[in-house]
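**Q** Fold the following, please.
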Amino acid sequence: MSHKQILWWGRYGNYGPDYPRNRTIMRCMRQLGWAVDEFRPAISALGGLQAQFTQIAQTGNLTRADAVWVPCFRQRDLASAAKWANKHTTPVIFDPLISAYDKRVFEKNKFPAKSRRANRLLNWERRLFALADCVIADTECHKTFFVETLKCDRDKVIVIPVSAEEELFKPQAMPTTVKPEVLFFGTFIGLQGPTYIARLLTHYQGPNFKLTFLGDGPERPECERVVQRLLQTAPNSAVDVAFEPWIPFEQLPTRIAQASICLGVFGTGKKSSRVIPNKVYQALACGRPVITMHADAYPGSLLTLPQRGLRFIEPGNPQAIANAIADSLTAIATLESARQESEAAFKIYQAHFSNEFIRAMLKSLI
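**A** Residues are numbered from 1 along each chain as shown. As a prediction, this is how the structure comes out:
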C-alpha cells in the first residue's frame with residue numbers, strides 16, 4: 001500500500017467539520033493508509049502566510065505533502081492554497097461539490113444570469129477553478145457544468161460520487177409492518193420538491209401506506225398547509241401522513257430502516273437535475289428502494305434499463321410520484337419480493353456509488 005501525505009486545506013464555514021462528504025473522503029484516504037494533516041486558516045485570504053508560521057509548517061509536514069486537498073464549499077480558500085502549493089510544487093485538488101454561481105443564480109435565484117452581479121460571480125469562480133490542478137465533480141452533470149460554464153479543462157475534472165458513510169449506512173432487513181412507510185427526509189428546500197410529494201394525496205390510488213416527512217426547512221410549512229388542506233377537502237383514506245422533526249445524524253440509518261421505501265428529490269430547477277442527493281446514497285446503502293426524479297446525473301445504465309430498487313419519474317409531478325409509490329408498494333407486497341427489492345437497491349449502491357469506488361479513484365488520482 002502506497003503511503004501518501006495529504007494536506008487538507010480549508011476552513012469549514014457554516015457546515016462545520018462533520019459534513020458527510022468531507023468525512024467520507026477523509027476516511028477513505030485514511031483507509032488507504034494515507035496521512036491527512038488538517039490546516040484551517042483563520043482568514044482564508046491569508047492562509048499561505050499563516051502556513052509559513054504554524055507549528056505544522058515547522059515540522060515539515062506541510063512541505064512533504066503529496067497533494068493539497070481543498071474540501072467542499074471552500075472556494076474562498078482555494079487561492080491561498082494554490083499559491084502556497086505552487087511555491088512548493090505540490091498539486092492542488094479542489095472538491096467544491098457545488099458551484100457558488102450555480103447555487104446563487106440557478107438554485108436560489110438571487111439575481112438573473114445575465115446581470116452584472118451574476119457575471120462578476122461567474123468570472124470570479126472561473127478564475128478560482130483555473131487555479132486547481134484537478135477539480136472533483138460528484139456527477140457527470142456537474143463535470144459538464146464545470147467544463148462548459150466554468151471553463152475548466154475537461155481532462156482535469158474527475159468524477160467521484162458523494163457516496164455514504166458506510167460505518168453508519170449499511171444493509172438492514174426490510175420491515176414487516178402491516179402498513180408500510182414511505183419516508184422523505186431532508187431540508188425542505190426547493191431543489192428537493194417536497195410540496196410535490198405533499199400533493200400526491202390528490203392522486204394516489206393503491207395499497208395503504210404511511211407517508212412521513214422528516215426534517216425541517218423553508219418549504220416544510222407549505223407542505224403542512226397543503227396536507228392539511230387536502231385532508232379537509234379531499235381526504236385520502238389510503239394514506240396516513242406524519243411530520244417528524246430532525247433527529248441526530250447518527251440515528252438516521254435506524255430511521256431509514258424503519259421505512260419500506262425512501263423518496264429522493266423532485267424539483268424542477270436546473271440544479272436538481274445535476275445532483276444525486278445524500279438521501280439517495282444513504283437509502284440505497286441501507287438497502288431501501290428509492291423513488292426519485294429522472295436526472296442525467298445518474299449513470300446512464302441506471303436510466304436506460306428497468307431497475308429494481310431505484311425508480312425514476314418525471315420531476316415536479318405529484319401524479320407520477322403517486323403512481324410510483326403504488327407500483328413500488330405492490331412490488332414489495334411479499335416478504336420475498338421485499339427482500340429482492342432491498343438487495344437490488346444495495347447492489348446499485350455497490351456497483352456505482354460505494355466507498356470502494358472512491359478509494360479506487362483516489363489511488364488513481366494521487
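**Q** From here on, just use CA atoms for contacts and neighbour counts.
**A** Fine.
**Q** In which helix or strand does residue 147 reside?
**A** Assigned by DSSP states H and E, residue 147 belongs to helix 140-148.
**Q** Can you name the next helix or strand after that helix?
**A** That would be, after helix 140-148 and using DSSP H and E, strand 157-159.
**Q** which residues touch that next one?
**A** Strand 157-159 is contacted by residues 134-140, 143, 146-147 when judged by CA atoms under 8 Å, 6 or more residues apart in numbering.
**Q** Which other helices and strands does the helix or strand just after that strand contact?
**A** Using DSSP H and E, the next helix or strand after strand 157-159 towards the C-terminus is strand 181-186. Strand 181-186 sits against strand 209-215, strand 261-263, with contacts defined as 3 or more CA pairs under 8 Å, 6 or more residues apart in numbering; DSSP states H and E.
**Q** Can you list the strands that the shortest one pairs with?
**A** Each strand paired with strand 261-263, and its direction, by DSSP bridges: strand 181-186 (parallel), strand 290-293 (parallel).
**Q** sorry, back to before: buried ones in the helix holding residue 147?
**A** Across helix 140-148, burial judged by 16 or more other CA atoms under 10 Å covers 140-147.
**Q** Including pLDDT and distance to residue 214, could the residues you listed go into a markdown table?
**A** Listed next are the buried residues of helix 140-148 as a markdown table, based on pLDDT from 0 to 100; distance: CA to CA, whole Å:
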| residue | pLDDT | distance to residue 214 |
| --- | --- | --- |
| 140 | 96 | 29 |
| 141 | 96 | 28 |
| 142 | 97 | 28 |
| 143 | 98 | 31 |
| 144 | 97 | 32 |
| 145 | 97 | 31 |
| 146 | 98 | 32 |
| 147 | 98 | 36 |
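**Q** For this structure, which residues score under the pLDDT cut-off?
**A** Within the chain, the stretches with pLDDT under 70 are 1, 12-17, 55-63.
**Q** outside of the helix ranked longest in it, which residues touch it?
**A** For the chain, the longest helix by residue count, based on DSSP state H, is helix 335-352. Contact with helix 335-352 is made by 171, 173-174, 176, 281, 284-290, 299, 308-310, 331-332, as judged by CA under 8 Å, 6+ apart.
**Q** same check, this time on stretch 22-34
**A** For stretch 22-34, contacts defined as CA under 8 Å, 6+ apart pick out 1-6, 17, 35-36, 71-72, 162-165, 355, 358-359, 362.
**Q** redo that, cut-off 6 Å
**A** 3-5, 165, 359 (CA atoms under 6 Å, 6 or more residues apart in numbering).
**Q** Surely residue 33 is within a strand?
**A** No: applying DSSP: H, G, I helix; E, B strand; the rest coil, one finds residue 33 to be coil, outside a strand.
**Q** what about it, distance to residue 91?
**A** To residue 91, residue 33 is 19 Å away according to CA to CA, to the nearest Å.
**Q** which of these two has more neighbours?
**A** Remark: of residue 33 and residue 91, residue 91 carries more neighbours, 18 against 14, as counted by other CA atoms under 10 Å.
**Q** Spatially, which residue comes closest to that one, not counting chain neighbours?
**A** Excluding its sequence neighbours, the residue lying closest to residue 91 (CA to CA, 6 or more residues apart in numbering) is residue 67, at 5.1 Å.
**Q** residues near the one you found, how many?
**A** 22.
**Q** List the buried residues for the helix or strand where residue 230 lies?
**A** Counting by DSSP H and E, the element that carries residue 230 is helix 220-233. The neighbour-count check on helix 220-233 (16+ other CA under 10 Å) flags 220, 223-224, 226-227, 230-231 as buried.
**Q** export the residues you listed to CSV and tack on distance to residue 188?
**A** CSV is the format used below for these (distance: CA to CA, whole Å):
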residue, distance to residue 188
220, 6
223, 9
224, 11
226, 14
227, 15
230, 19
231, 21
